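Q: What follows is a predicted protein model with its sequence.
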Amino acid sequence: MSVISDRGVSSTVVRLYPEDNYVFDMRVAAVDGSLHEFITEDGNYSYVNVSAVIFRLTSSLIYQGGHVKEFIVQGPGEEAMRQIEYEEARNLRSEMEDVIILMDRKISMDRELGIEIPRNIIGIVKDFDQRERSILDESGAPWIVLSGNGLRTGFVRFSDGGWVFRIETDLNYEQRQLLALLYRMAREPIPEAINYNYPLFLADKMAKFYRDRARRGLDFLSSKKFLKYRDFRRIVEIGRRRVWNSRV
């Protein structure tokens, strides 16, 4: 472990060694959402879905099931999607007390907005401030974590050629244990981002799959000028407002 300082930013650099062989036996769940906005004669509406996938993490990731919840909301869907994602995260925590929740969210910002944040959460963001990213890219360190109190904020990269990811977590893990946990979930080959978290990747793909499938029908229906929103909503509620589940 060492500390580097670049342009006034202090960073703790941690490298995993072969002896850092942590044994995990836990459940992890990833939550992500997607949305599509459309227009009817009665105004703007949004289709919002939230996808959740559940894994058992031991020496490998074992898929245990997932579900997608779909909603139609009035107006822009971004805030509704934020609220529904956290509601789903809280529901998972109530169902599985030991589960660790993964989200593609800047947790600190959502907390400032008054969102109730569940415990044992890790926020992993692949798109963040480009100035921060350039500083970290230049450091050449494969493992980087910033220290902090309470909700710890930092950055992590799992290989010299991999992406840098921003992380926020309230997990009371030592740095090497946290990095080992994230590394276990980043070993799957993902074309869009080397070493990205696989459960979050799968949740994102599921959410986008259902969004794209719904979008074609929603755009077709909303393009009918004679279709009033009350009729549109009836069609949607019959055909789309549901919960899809898959359990192994």
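A: Yep, it's here. Treat the numbers as computed from the prediction; the structure is a model and nothing was measured.

Q: What ranges in this structure fall below the confidence cut-off?
A: 1-21, 140-142, 191-192, 220-248 (pLDDT under 70).

Q: give me that answer again for 80
A: Along the chain, the parts satisfying pLDDT under 80 run over 1-23, 40-42, 130, 132-135, 137-149, 159-162, 188-194, 216-248.

Q: And the strands in it?
A: In the chain, the strands defined using DSSP state E lie at 2-6, 9-13, 26-40, 43-57, 61-74, 100-103, 121-125, 144-145, 152-156, 165-169, 243-247.

Q: Just name the most buried of the ones you listed.
A: Counting by mean count of other Cβ atoms under 10 Å, strand 100-103 has the highest mean neighbour count of the strands of the chain, with a mean of 25. To be clear about C-beta, it is placed using only N, CA and C from the backbone, and glycine gets the same treatment.

Q: got a list of contacts for that strand?
A: Strand 100-103 is contacted by residues 26-32, 85, 89, 92-93, 118, 120-124, 171, 181, 185, 197, 199-200, 203 when judged by Cβ atoms under 8 Å, 6 or more residues apart in numbering.

Q: again, 7 Å this time
A: 26, 28-31, 85, 89, 92-93, 118, 120-124, 197, 199-200 (Cβ atoms under 7 Å, 6 or more residues apart in numbering).

Q: And for stretch 122-130?
A: So stretch 122-130 is contacted by 100, 102-107, 163, 165-169, 171, 193, 196-197, 200 (Cβ under 7 Å, 6+ apart).

Q: ditto for stretch 52-64
A: 24-31, 65-67, 88, 92, 184-185, 198-199, 202-203, 206, 248.

Q: Give me the distance between the two termini of it.
A: Counting by Cα to Cα, to the nearest Å, you get 11 Å between the two ends of stretch 52-64.

Q: so how far is it off the chain centroid?
A: 15 Å (Cα atoms, centre = their mean, to the nearest Å).

Q: same question, stretch 102-122
A: Taking mean C-alpha positions (Cα atoms, centre = their mean), stretch 102-122 and its chain are 10 Å apart.

Q: what do you get for stretch 65-79?
A: 15 Å.

Q: likewise stretch 33-42?
A: For stretch 33-42, the distance to the chain centre is 22 Å (Cα atoms, centre = their mean).

Q: Alright, I will stop here.
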